[in-house]
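Colleague: test case, fold it:
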Amino acid sequence: MMGGVSQDRDEALEELRRHEAERETRRRRANAASGRVAAVASAAFLAFLTYDSAHTAVRAHARGDDWIYPPTVVGAVCAVALVTLLTWAIRRVK
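Modeller: Okay, the predicted model is just below:
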């Protein structure tokens, strides 16, 4: 009779482990999906900031205003961040 109780407990523990493993798999999948969404949103935002800074620098240069700092510097920083993000994403996929 003691063997039956022990066997039931072992089965219950095994089922709990299986449920925990399934939950961990779902959590990892959800985290991966949210990471991809965040990376795409960040890339889009950085691309827009790079474009907008370049456009502002061209307009400022045409008017004779300061165009190197801040528009060109901000655009360069955003471009470097975008390239870094894209490089990281490509390496992660491989």
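
Colleague: residue ranges with poor pLDDT in the chain?
Modeller: Scanning the chain for pLDDT under 70 picks out the ranges 1-3.

Colleague: what are the ranges of the strands in it?
Modeller: Using DSSP state E, the chain contains no strands.

Colleague: count the residues that sit near Met28.
Modeller: Quick fix: residue 28 is Arg, not Met. 10 (other Cβ atoms under 10 Å). C-beta coordinates here come from the backbone N, C-alpha and C atoms, glycine included.

Colleague: right, I mislabeled it, should have said Leu82
Modeller: That count, for Leu82 with other Cβ under 10 Å as the rule, works out to 19.

Colleague: skip the chain neighbours and tell me the closest residue to it.
Modeller: Spatially, and ignoring its direct neighbours in sequence, Leu82 is nearest to Leu46 (4.0 Å; Cβ to Cβ, 6 or more residues apart in numbering).

Colleague: just give me the longest helix of this protein.
Modeller: The longest helix of the chain (DSSP state H) is helix 2-63.

Colleague: what packs against that one?
Modeller: Applying 3 or more Cβ pairs under 8 Å, 6 or more residues apart in numbering; DSSP states H and E, we find helix 2-63 packed against helix 73-93.

Colleague: distance of Asp52 relative to Val93?
Modeller: Shown here: Asp52 relative to Val93, a distance of 28 Å by Cβ to Cβ, to the nearest Å.

Colleague: the more surrounded of these two?
Modeller: Per other Cβ under 10 Å, whichever of Asp52 and Val93 has more neighbours is Asp52, with 14 against 7.

Colleague: count of residues packed around the closest residue to the more buried one other than its chain neighbours?
Modeller: Once flanking residues are discounted, Asp52 sits nearest to Gly75: 8.0 Å by Cβ to Cβ, 6+ apart. By other Cβ under 10 Å, the residues close to Gly75 number 19.

Colleague: no further queries at this time; thank you.
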